[in-house]
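S.K.: 3D, please:
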Amino acid sequence: MIDPVTVADERGEWMEIANVGTVAADLAGWSFRSANDAGFLVHSSIVVPPGGTVLLARAPGAVNGAQPALVYYGIALSNRSDWLVLRDPDGKTRDSVAWSAPPRGTALVHHAIGPAPAPVAGDIPARAGDTSIRARDTSVRVDARATYSPPLTNRELVVRVLDVGQGDAILIQNGGSTVIVDGGPERRTYARWLEELRVPDTIDAVILTHAHGDHFTGLRELFRSRNGRVIRAFWWNGDQATPLSQSHLPDSVAARARRGAMLLHDTDDPCGDGRPLCTIALKGGALLHILRPLPNSRLENDRSVALKLVGPDSASFTMWLAGDAQHDAIDWFGGGAGYARTPGMHADVLKADHHGSCDGVDDRYLDLVHPSLVIASLGAANDYGHMHAQAKAAYTRHGIPWYRTDQNGTVTLRSPGTAGGGYTVTVERGTKNASGPSDRKSYQPDCAAM
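M.R.: Reported below is the predicted structural model:
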């Protein structure tokens, strides 16, 4: 716990250490160091059994109902940039973690995977969360720090599929440009993410994929006048679905557009010149293609705009996102719309359509996108049976692993923007190909043949 909010830091900071080995470990003689502190040496015997944990706190008193095994001193965790190293009695670094923007009031969870990192010059730990993914190598790092860390260079592209419950909310940052795709189902949850991720007050583009509350409700937070946020451009399909019209979001959007404070675009004509494709160039070299949705559909889901994100090095990272598009729309993307040719639907990462529903995927769609990874955004306890058994079976048939926000938390993708740099994936918790408590087979007609 780096930055407690209910008590002062000197009373609320704590650490928990897990023994991931197969034999008991005695912490006597082990030590901690951080960037600007004297450090702490454990003098007493504290035995941690295999698979067990031990709690150490900066002050006496219960932590989440548990008493610490040891009260330490000489370590104060910085609420800005800092690092922490754990060493054994021989002085060998056994684990380390660094951070630049820690969560407030929430424990940072760090799981070391593989051998412990070797100490580097100046005793500063190597940056965590850098497991590269190329082709179909889907190694992943579990590292909550990477969720909150901003882009480290002007070229780095960072995409976060936010854990907002049963809905979609995606944050894209590159070279000082910020793009938001959807805002999830709840304004306060989205507001918390905006604050914790230190999202800039100027947003280059906001894209609402379609007019359903689990995608637009959180966006209302962006338009609160007291926030003073500048939104340079807003895209949506203009459909007047009843929940959206009653939310006052269209009124806020129209008001800004009328006074010239924001450009308003219709996703049915994304560039305003009749072309089906409009491209946003981000300052770090990434490109975001906005593709006209299926016209004249009676289903709002099938009116979802399709997006293709291309990293500064297009060979290292691409991503396909299509809101809640269902079978009619995805057939049109690869057929009449011609998107399989221009800009091309092949992508390294697929944001699962419709929260992992079977009506948002089929074999042809997966052949066209041909992703190495799928990310589904959904709530653990949902009424829809997401993720559907048929969708997971389709991903499995195609050899595509998945991560899901209900089980893995926010999923963060990073590509350095350099030639051959690949991309990395970090999750807050859990493992790939997880199942959730609401998952079940769907019996809806669209999925009968799957």
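
S.K.: tell me the contacts of the nearest residue to Asp328 once chain neighbours are set aside?
M.R.: What sits nearest to Asp328 in space, not counting adjacent residues and going by C-beta to C-beta, 6 or more residues apart in numbering, is Asp302, at 5.1 Å. Bear in mind the C-beta positions are built from the backbone N, C-alpha and C, glycine included. Residues near Asp302 by C-beta atoms under 8 Å, 6 or more residues apart in numbering: 293-294, 325-326, 328-329.

S.K.: per-residue confidence for Asp302?
M.R.: If you check Asp302, the pLDDT there is 97.

S.K.: any idea how far it is from Phe317?
M.R.: Separation of Asp302 from Phe317 (C-beta to C-beta, to the nearest Å): 28 Å.

S.K.: so of the contacts of Asp302, which ones are in helices?
M.R.: Mapping these onto helices (DSSP state H) picks out 328-329.

S.K.: wait, a helix at the residue nearest to Asp328?
M.R.: Yes. Looking at Asp302 with DSSP: H, G, I helix; E, B strand; the rest coil, it is inside a helix.

S.K.: how's the protein carved up into domains?
M.R.: Domain segmentation of the chain under automatic domain parsing yields 9-123, 132-441.

S.K.: and those, which is most packed in?
M.R.: domain 132-441 (a mean of 20; mean count of other C-beta atoms under 10 Å).

S.K.: Thr202 is in contact with Gly228, correct?
M.R.: No. Using C-beta atoms under 8 Å, Gly228 is not in contact with Thr202, being 10.0 Å away.

S.K.: give me phi/psi at Phe234?
M.R.: When read as degrees, to the nearest 10, the backbone of Phe234 gives phi -130, psi 130.

S.K.: so what sits opposite the closest residue to it other than its chain neighbours in the bridge?
M.R.: Closest residue in space to Phe234, ignoring its immediate chain neighbours: Val206 at 4.9 Å, by C-beta to C-beta, 6+ apart. Beta bridges link Val206 to Ile180, Phe234, judged by DSSP bridges.

S.K.: now do the contacts for Val206.
M.R.: So Val206 contacts 179-181, 219, 222, 231, 233-235 (C-beta under 8 Å, 6+ apart).

S.K.: which residues do Gly228 and Thr202 both contact?
M.R.: By C-beta under 8 Å, 6+ apart, no residue touches both Gly228 and Thr202.

S.K.: ok, back up a step: among the domains of the chain, show the one with the smallest mean pLDDT.
M.R.: Of all those, the minimum mean pLDDT falls on domain 9-123 (a mean of 78).

S.K.: now the strands for the stretch 301-450 of the chain?
M.R.: With strands called from DSSP state E, counting those that start in this stretch, the stretch 301-450 of the chain shows them at 306-310, 318-321, 349-351, 373-376, 402-404, 411-415, 423-427.

S.K.: Ala69 is nearest to which of these?
M.R.: With C-beta to C-beta, the closest approach to Ala69 among those belongs to strand 423-427: 28.7 Å.

S.K.: what pairs with that closest one, parallel or antiparallel?
M.R.: Strand pairing for strand 423-427, using DSSP bridges, gives strand 132-133 (antiparallel), strand 141-142 (parallel), strand 411-415 (antiparallel).

S.K.: run through who's touching the longest one.
M.R.: The reference is to strand 411-415. When contacts are defined by C-beta under 8 Å, 6+ apart, strand 411-415 is touched by residues 129, 146-147, 151, 156-161, 311-313, 316-317, 319, 349, 375, 403, 405, 421-427.

S.K.: let me see the ranges of the helices in the stretch 51-200 of the chain.
M.R.: Here the stretch 51-200 of the chain has its helices, by DSSP state H, counting those that start in this stretch, at 144-148, 187-196.

S.K.: only alpha carbons, please: show the last one as CSV.
M.R.: Okay, so that is helix 187-196. Provided in CSV are the C-alpha atoms of helix 187-196 (Å, rounded to 0.1, in the frame of the first residue of the first chain):
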residue,chain,number,x,y,z
ARG,A,187,-20.1,7.8,-14.4
ARG,A,188,-18.4,7.6,-11.0
THR,A,189,-16.3,4.5,-12.0
TYR,A,190,-15.2,6.3,-15.1
ALA,A,191,-14.4,9.5,-13.1
ARG,A,192,-12.2,7.4,-10.8
TRP,A,193,-10.2,6.0,-13.7
LEU,A,194,-9.8,9.5,-15.2
GLU,A,195,-8.3,10.7,-11.9
GLU,A,196,-6.1,7.7,-11.2
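
S.K.: can you name the next helix or strand after that helix?
M.R.: Where DSSP states H and E defines the elements, the next helix or strand beyond helix 187-196 is strand 202-203.

S.K.: who does that next one pair up with?
M.R.: strand 230-231 (parallel).

S.K.: in TSV: the contacts of Val206, plus distance to Leu86.
M.R.: Below are the contacts of Val206 laid out as TSV (distance: C-beta to C-beta, whole Å):
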residue	distance to Leu86
Val179	38
Ile180	38
Val181	39
Leu219	42
Leu222	41
Ile231	44
Ala233	47
Phe234	47
Trp235	47
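
S.K.: quick one: contacts for Thr279?
M.R.: When contacts are counted by C-beta under 8 Å, 6+ apart, Thr279 is found next to 287-290.

S.K.: that one bridge partners, please.
M.R.: His289.

S.K.: and for Arg414?
M.R.: Val158, Thr424.

S.K.: identify the residues contacting stretch 435-450?
M.R.: Residues from elsewhere that reach stretch 435-450, judged by C-beta under 8 Å, 6+ apart: 326-327, 357-359, 362, 378-390, 392-394, 404, 406-407.

S.K.: show the end-to-end separation of that stretch, please.
M.R.: Terminal residues of stretch 435-450 lie 19 Å apart, using C-alpha to C-alpha, to the nearest Å.

S.K.: related to what we said a few turns ago, right, and the strands of the stretch 301-450 of the chain - which one's nearest Asn36?
M.R.: With C-beta to C-beta as the measure, strand 423-427 is the member of the strands of the stretch 301-450 of the chain nearest Asn36 (25.9 Å).

S.K.: which among the strands of the stretch 301-450 of the chain is found nearest to Leu56?
M.R.: Each of the strands of the stretch 301-450 of the chain was scored for nearness to Leu56 using C-beta to C-beta, and the closest is strand 423-427 (25.1 Å).

S.K.: centre of the chain to the closest one, how far?
M.R.: Remark: strand 423-427 is offset 9 Å from the chain centroid, using C-alpha atoms, centre = their mean, to the nearest Å.

S.K.: and what of stretch 56-73?
M.R.: Centroid displacement of stretch 56-73 relative to its chain, using C-alpha atoms, centre = their mean, is 31 Å.

S.K.: could you dump it to PDB, C-alpha only?
M.R.: C-alpha atoms of stretch 56-73 as PDB (Å, rounded to 0.1, in the frame of the first residue of the first chain):
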ATOM      1  CA  LEU A  56       4.700  -6.100   7.200                       C
ATOM      2  CA  ALA A  57       3.400  -2.600   8.200                       C
ATOM      3  CA  ARG A  58       4.900   0.800   8.800                       C
ATOM      4  CA  ALA A  59       2.900   1.300  12.000                       C
ATOM      5  CA  PRO A  60       1.200  -1.100  14.500                       C
ATOM      6  CA  GLY A  61      -2.400  -2.000  14.100                       C
ATOM      7  CA  ALA A  62      -4.600  -4.200  12.000                       C
ATOM      8  CA  VAL A  63      -4.500  -4.100   8.200                       C
ATOM      9  CA  ASN A  64      -7.700  -5.300   6.600                       C
ATOM     10  CA  GLY A  65      -8.400  -7.200   9.800                       C
ATOM     11  CA  ALA A  66      -5.000  -8.800  10.000                       C
ATOM     12  CA  GLN A  67      -2.100  -7.900  12.400                       C
ATOM     13  CA  PRO A  68       1.300  -7.400  10.800                       C
ATOM     14  CA  ALA A  69       4.000  -9.900  11.600                       C
ATOM     15  CA  LEU A  70       6.500  -7.100  11.800                       C
ATOM     16  CA  VAL A  71       6.500  -3.300  12.000                       C
ATOM     17  CA  TYR A  72       9.300  -1.900   9.900                       C
ATOM     18  CA  TYR A  73      11.100   1.500   9.800                       C
END
